[in-house]
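Novice: sequence first, then the predicted structure:
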Amino acid sequence: MGILEVKNVGKRFGGLQALGDVNLSVAENTVHAIIGPNGAGKSTLLNVLVGKLIPDTGSVMFDGQSVLGRKPHEINQMGISRVFQTPEIFSDLTVLENVMIPCFAKRDGAYRMHAFETVEDEVDIVQKAEQMLLDVNMQDKLRMTASSLSRGDKRRLEMAMCLVQEPRLLLLDEPTAGMARADTNNTIDLLKEIKDSRDITMAIIEHDMHVVFSLAERITVLAQGTPLVEDTPENIKGHPKVQEAYLGQAHG
Ligand SMILES: Nc1ncnc2c1ncn2[C@@H]1O[C@H](COP(=O)(O)OP(=O)(O)OP(=O)(O)O)[C@@H](O)[C@H]1O
């Protein structure tokens, strides 16, 4: 039994069957990649997992509890965090403040923008946020305004905002999209460090096969809303069904 169990999940948008009959089991403390051509349903599946979309059929269980019917913040409190394709950060705040906000949210159950007025009283949260930023190698950028960060650092910051909540499952939506090779490799190294330093399960959507094969222990190939094959990276390489799924696609 995996920490995440998706069973018979289907989702339609009008006449379009975005997810057909998705079954997926993600084992605890592993990195599981979900790959597939454009329009395969990867983002739709992720949106179901975080409560942004309600599927028409099926069930989603996280650590034995149903995710369906819960609001995104409730799913977050269950221990599922998501890093978006476009970083969701507070541009006008400093790097440190950005990481403090989810700490307040976790402690108080609500975002508290006014919290910074009494920041001296929040020593524990400042320390926690600073340690997190050290873990993602952003200790030199604590006082920088988030809007002035490079694209790679914005993603790194968003990762810190997720990780500071100590999620048990981290969902990564194309974590290296748009990055140059050096930044991509830094992100791979960072994710490996994160994985090795704590109990965490990762589910990652990614088009860059270098990233997928560097990180994933299991890979599910999704095509037209249905898993075609699930296997180890070694067995996925050169698998005829994978070639079939990507046939005619520009990347993969
Ligand atoms: N809100 C929506 N309304 C209507 N159709 C949608 C909606 N969201 C997604 N779709 C359609 O559902 C299908 C699956 O889309 P989805 O974004 O999940 O694919 P994907 O595998 O993530 O693609 P990509 O790799 O391009 O991000 C596509 O045909 C898409 O156009």
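Specialist: Structure received.
Novice: now for the lowest-mean-pLDDT helix or strand in the chain, which elements pack on it?
Specialist: Within the chain, no helix or strand scores below helix 240-246, which has a mean of 79 by mean pLDDT, DSSP states H and E. For helix 240-246, the packing partners by 3 or more CB pairs under 8 Å, 6 or more residues apart in numbering; DSSP states H and E come out as strand 218-223, strand 226-231. Every C-beta, even on glycine, is put in place using the N, C-alpha and C of the backbone.
Novice: list the contacts for the nearest residue to Val48 once chain neighbours are set aside?
Specialist: Sequence neighbours aside, Pro55 is the residue nearest to Val48 in space, at 5.1 Å (criterion: CB to CB, 6 or more residues apart in numbering). Counting by CB atoms under 8 Å, 6 or more residues apart in numbering, Pro55 touches Val9, Gly10, Lys11, Leu19, Val48, Leu68.
Novice: burial count for the closest residue to the last one other than its chain neighbours?
Specialist: Excluding its sequence neighbours, the residue lying closest to Leu68 (CB to CB, 6+ apart) is Val60, at 5.6 Å. Val60 has 23 neighbouring residues, counting by other CB atoms under 10 Å.
Novice: can you confirm Val60 is in a helix?
Specialist: No. Counting by DSSP: H, G, I helix; E, B strand; the rest coil, one finds Val60 to be strand, located in no helix.
Novice: report the beta-bridge partners for it.
Specialist: Val6 (DSSP bridges).
Novice: next one: Met113, what pLDDT does it get?
Specialist: The model reports Met113 with a pLDDT of 59.
Novice: what stretches of this structure score poorly on pLDDT?
Specialist: Along the chain, segments meeting pLDDT under 70 span 109-121, 247-252.
Novice: so which bits of it are right by the ligand?
Specialist: Phe13, Leu16, Ala18, Gly36, Asn38, Gly39, Ala40, Gly41, Lys42, Ser43, Thr44 (CB under 6 Å from any ligand atom).
Novice: switch the cut-off to 8 Å
Specialist: Within the chain, the residues that sit near the ligand (CB under 8 Å from any ligand atom) are 13-14, 16, 18-19, 36-47, 53, 85, 174, 205, 207, 222, 225.
Novice: and the end-to-end length of stretch 189-206?
Specialist: 16 Å (CA to CA, to the nearest Å).
Novice: quick one: buried residues of it?
Specialist: Leu190, Leu191, Ile194, Lys195, Ile200, Thr201, Met202, Ala203, Ile204, Ile205, Glu206 (16 or more other CB atoms under 10 Å).
Novice: what of stretch 101-109?
Specialist: Ile101, Pro102, Cys103, Phe104, Ala105.
Novice: and which of the residues you listed is nearest to Arg156?
Specialist: Pro102 (14.9 Å; CB to CB).
Novice: just the element for that closest one, please.
Specialist: helix 95-108 (DSSP states H and E).
Novice: and the helix or strand following that helix, what other elements does it pack with?
Specialist: The element immediately downstream of helix 95-108 (helix or strand, assigned by DSSP H and E) is helix 123-135. Judged by 3+ CB pairs under 8 Å, 6+ apart, the packing partners of helix 123-135 are helix 95-108, helix 151-163, helix 181-197.
Novice: okay, buried residues for helix 123-135 please.
Specialist: Ile125, Val126, Lys128, Ala129, Glu130, Met132, Leu133, Asp135.
Novice: contacts only, for the fifth one.
Specialist: So that's Glu130. By CB under 8 Å, 6+ apart, the neighbours of Glu130 are Leu96, Gln139, Leu142.
Novice: and Ala203, bridged to which residues?
Specialist: His32, Leu171.
Novice: what values do phi and psi take at the spatially closest residue to Asp199 that is not a sequence neighbour?
Specialist: Nearest non-adjacent residue to Asp199, counting by CB to CB, 6+ apart: Asn29, 5.9 Å away. Dihedral pair for Asn29: phi 60, psi 30, per degrees, to the nearest 10.
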